[in-house]
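**Q** Let's see this in three dimensions:
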Amino acid sequence: MRNYEKIKSKKENKLKKGKKGKKGKKVGNTKIKKIIAALRKVIEADFKTAKQKFIAEKLGALTEDVVEHWFKEFKELKSRNKIKKPEERNIDYWVKKGWNPFIEFIEELQKIPTKTELKKQPWKMSLSGAPKVAENEKWVVYRVSDHEDAEKLGTKNWCVVRQESYWDDFYAGGRESYPEQPCNFYFALSKTRSYEVLEVTSNKIVYRDPYHRIAIQVPSRGDITFWDAHDNDQEGSPEDDEGNSLGLPSIEFSTPNMCDTCHKRDCGGCCSHCENEYDDCTCCSICEGTDRENCGCCSNCENTQDECTCCPICGDSDRDSCGCCQNCEETQNRCNCCPICESTNQNTCGCCQDCEKREGRCECEEEEEVEEKEKEKEE
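**A** Here you go, the predicted structure:
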């Protein structure tokens, strides 16, 4: 056994030091470098072939730049040892799977933080968009108002952190969302509890202490809910598994304003009649019909179509006293209608304005002739 161990150790030393050739170069190291270089060429050739196959799979819809970008992301995950299974580390495996599964695999892995990332103490962060609202010797509490800060302070076990669409639904609210009303969020981060991660899977992060981080959900109406780092909820004062109070600091929670119609945060005004948002409302404010373009109500006198007294010519709210002519549709000063025959030109209609009789019925000229003859006789 001793001789065997000596022979083995000598061989290992030779491999480490390398045999010197004629010019004093280390032959062992040179061979290793050649092997590594050859492997790199094979790997690069594999990626080049994979790129061509992915582009062909998508019928030319993919560009080389896009493929190179995702290859870079894939290699980064490999270098950080986030890809555990040997077959998944091989690009040929993903060529067989296809382009879409390849992208989905990368995106899912990118969502999972490494253990090193999760060991950091996030309560020491200074975030302009997430003000610190309370603090004691055990906890720091932030009010979170956007998804970017939620990602920095929260855990991906919480759906509002994991997916931005969930954050938008909870934060903005709305009848078509869940939970149908806007919510404010406060994240409490412990100063004393362990942030150690025991296991990271594709859909859950298992912590040694699930009470090191608490999400506080404050809805517009209803009870406040507390969520631990494993996404288990509690109402009332939060406690650990043994029933001990977590000792959170006193917090003055603010509730978001909610529109009674659309159930959204600060919507800007909705119509309670048609239940549409302000910009989409078509209701008439006079008759309360849902189609103000065709209901006929007058926005000038603010009366319904049957009760409107506005003049369509001058816009005055009393057409009976404004003096406009409904015949020629001109204002009082511009009207030239004949008051006898209602012609639109009293200068050519032939009516007599003296006796107020229509053309052909006037006796004014005959009376003038009789008077002239009587004057002549008297003379």
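
**Q** and the closest residue to Thr225 other than its chain neighbours, helix, strand or coil?
**A** Distances taken as CB to CB, 6 or more residues apart in numbering place Gln217 nearest to Thr225, at 4.5 Å, with adjacent residues excluded. For every residue, glycine as well, the C-beta is placed using N, CA and C. On the three-state scheme (DSSP: H, G, I helix; E, B strand; the rest coil), Gln217 is labelled strand.

**Q** how many other residues sit next to Gln217?
**A** For Gln217, the neighbour count with other CB atoms under 10 Å is 19.

**Q** Lys138 too?
**A** For Lys138, the count of nearby residues is 14 (other CB under 10 Å).

**Q** That one and Lys191 touch, don't they?
**A** Yes - with contact defined as CB atoms under 8 Å, Lys138 reaches Lys191; the gap is 5.7 Å.

**Q** Could you confirm Lys84 falls within a helix?
**A** No - going by three-state DSSP, the assignment for Lys84 is coil, not a helix.

**Q** Could you measure from it over to Leu77?
**A** Separation of Lys84 from Leu77 (CB to CB, to the nearest Å) stands at 10 Å.

**Q** Which residue ranges make up each domain of the chain?
**A** The chain breaks down by automatic domain parsing into domains covering 16-111, 116-235, 289-324, 329-359.

**Q** So for Lys84 and Leu77, which sits in the more crowded spot?
**A** Higher neighbour count among Lys84 and Leu77: Leu77, with 17 against 8, using other CB under 10 Å.

**Q** what helix or strand does that one sit in?
**A** According to DSSP states H and E, Leu77 maps onto helix 64-79.

**Q** C-terminal to that helix, what's the next element?
**A** Of the helices and strands lying after helix 64-79 in sequence (DSSP H and E), the nearest is helix 91-97.

**Q** Next, the angle helix 64-79 makes with the next helix or strand after that next one.
**A** From helix 91-97 onward toward the C-terminus, using DSSP H and E, the following helix or strand is helix 99-111. Inter-element angle recorded for helix 99-111 and helix 64-79: 50 degrees (by axes from the mean of the first three to the mean of the last three CA atoms, to 10 degrees).

**Q** pLDDT of helix 99-111, averaged?
**A** Across helix 99-111, pLDDT averages out at 85.

**Q** Tell me the helices and strands packed up against it.
**A** Applying 3 or more CB pairs under 8 Å, 6 or more residues apart in numbering; DSSP states H and E, one finds that helix 99-111 contacts helix 27-57, helix 64-79, helix 91-97.

**Q** buried sites along that helix?
**A** Buried residues in helix 99-111, counted by 16 or more other CB atoms under 10 Å: 99, 102-103, 105-106, 109.

**Q** CA atoms of that helix as CSV?
**A** Extracted in CSV, the C-alpha atoms of helix 99-111 (Å, rounded to 0.1, in the frame of the first residue of the first chain):
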residue,chain,number,x,y,z
TRP,A,99,-36.9,28.5,-28.7
ASN,A,100,-40.0,29.3,-26.5
PRO,A,101,-39.2,26.7,-23.8
PHE,A,102,-35.6,28.0,-23.8
ILE,A,103,-36.7,31.6,-23.1
GLU,A,104,-39.2,30.6,-20.5
PHE,A,105,-36.6,28.6,-18.7
ILE,A,106,-34.2,31.6,-18.6
GLU,A,107,-36.9,34.0,-17.4
GLU,A,108,-38.1,31.7,-14.6
LEU,A,109,-34.5,31.1,-13.3
GLN,A,110,-33.9,34.9,-13.4
LYS,A,111,-36.8,35.4,-11.0
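
**Q** what does it rub up against?
**A** 54, 57-58, 62, 70, 73-74, 77, 82-83, 88, 94, 156, 162, 202 (CB atoms under 8 Å, 6 or more residues apart in numbering).

**Q** Of the residues you listed, grab the buried ones for ChimeraX.
**A** The following ChimeraX line selects those of the contacts of helix 99-111 that are buried, judged by 16+ other CB under 10 Å:
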select :54,62,70,74,77,83,88,94,156,162
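
**Q** for the helix holding Leu77, which positions count as buried?
**A** Neighbour count says helix 64-79 has 66-67, 70-71, 74, 77 buried, by 16+ other CB under 10 Å.

**Q** ok, now stretch 88-98?
**A** Buried residues in stretch 88-98, counted by 16+ other CB under 10 Å: 88, 90-91, 94-95.

**Q** which of the residues you listed lies closest to His212?
**A** Glu88 (31.0 Å; CB to CB).

**Q** quick one, what contacts the closest one?
**A** Contact analysis of Glu88 by CB under 8 Å, 6+ apart lists 94, 105.

**Q** Look at Pro339 and give its secondary structure.
**A** Applying three-state DSSP: Pro339 is coil.

**Q** just use 11 as the starting number from now, easier for me
**A** Right, with 11 as the first residue, what we last looked at is Pro349.

**Q** Can you give me the neighbour number for it?
**A** Applying other CB under 10 Å, I find that Pro349 has 12 neighbouring residues.

**Q** Tell me which stretches of this protein form strands.
**A** Along the chain, counting by DSSP state E, strands occupy 142-145, 149-154, 193-200, 207-210, 215-217, 223-229, 235-237, 243-245.

**Q** Tell me which residues are up against the last one.
**A** Going back to what we said before, that points to strand 243-245. Under CB under 8 Å, 6+ apart, the answer for strand 243-245 is 233-238.

**Q** mind listing what it pairs with, with the direction of each?
**A** Paired neighbours of strand 243-245 in the sheet (DSSP bridges): strand 235-237 (antiparallel).

**Q** Same question for the third one.
**A** Each strand paired with strand 193-200, and its direction, by DSSP bridges: strand 149-154 (antiparallel), strand 223-229 (antiparallel).

**Q** Quick check: buried residues in that strand?
**A** 193-200.

**Q** any chance of the buried residues of helix 74-89 in TSV, plus distance to Cys347 and pLDDT?
**A** Listed next are these as TSV, based on distance: CB to CB, whole Å; pLDDT from 0 to 100:
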residue	distance to Cys347	pLDDT
Val76	76	90
Val77	81	90
Trp80	81	91
Phe81	86	91
Phe84	87	91
Leu87	88	88
